[in-house]
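>>> model this:
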Amino acid sequence: MFFEYPFKKRLPTKSEALPGRENPVFTGGKHAVLGKPLTAPFPNHLRQVTLGLGCFWGAEQLFWNLAGTYVTAVGYAGGFTRNPNYQETCSGGTGHAEVVLVVYDPQKLSLASILRVFWEAHDPTQGFRQGNDQGTQYRSAIFVNQQSDFDKAMSSARKYQSALSDSGYGKITTEIAIDKIFYHAEEYHQQYLHKTKGGYCGLQGTGVLFPKKDK
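Next up, the predicted model:
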């Protein structure tokens, strides 16, 4: 008899979540493509946003290729478990989503441009799944660290909802929140598609473009 994890279709409460551990599963290193440190502290002029759009392997590659990105890293955010590992996150028992941390220079790359890529790269109406990848860890999410960025994220969601509705899609299910802790994933997940020849990630958008102008 196969055991089905109860948190593939719903998020755990804090009391239900796995306890995790004191020490992180990733201890540091440099980005395999950009050559920058993957962990803080980062230069003070840089900004951060954490994005969940399904499988984090392909998602990270999207953002490290944007001009103005300082560094990216994959990890887990939005849940309760301290320093979770991949197996725990995939069980759903941590409450975390697979996410990409994007550290960027706001003088070279705007949050609006990052969010445009985010919306167009996945289907934000699918709830706890992305394509064939099913589970709460694959949910769509935007995590920021200040109110002004939260307001921009909410505004962008409203704009993209209009475009999605015009194309016959349902309501956006993206979780948008402030000050969610980001935990780095294990070293082998970092820049996975660069390191792994023939690596695969089924990230796929809806084909609906983000509106260029307000309606």
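
>>> give me every residue that touches the closest residue to Leu109 other than its chain neighbours.
With sequence-adjacent residues excluded and distances taken as Cβ to Cβ, 6 or more residues apart in numbering, Leu109 is closest to Gly68, at 2.6 Å. Placement of C-beta: from N, CA and C, glycine included. Contact analysis of Gly68 by Cβ atoms under 8 Å, 6 or more residues apart in numbering lists 104-105, 107-109, 113.

>>> give me the number of residues near Asp151?
Neighbour count for Asp151, taken as other Cβ atoms under 10 Å: 11.

>>> who does the strand or helix carrying it touch, helix- and strand-wise?
Following DSSP states H and E, one finds Asp151 within helix 147-166. In terms of contacts (3 or more Cβ pairs under 8 Å, 6 or more residues apart in numbering; DSSP states H and E), helix 147-166 is packed against helix 111-121, strand 140-144, strand 175-178.

>>> so can I have a markdown table of those showing mean pLDDT, mean neighbour count and distance to Gly29?
Listed next are the helices and strands packed on helix 147-166 as a markdown table, based on pLDDT from 0 to 100; neighbours: other Cβ atoms under 10 Å; distance: least, Cβ to Cβ, whole Å:
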| stretch | mean pLDDT | mean neighbour count | distance to Gly29 |
| --- | --- | --- | --- |
| helix 111-121 | 98 | 20 | 23 |
| strand 140-144 | 98 | 25 | 23 |
| strand 175-178 | 98 | 15 | 28 |
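
>>> fine by me, thanks again.
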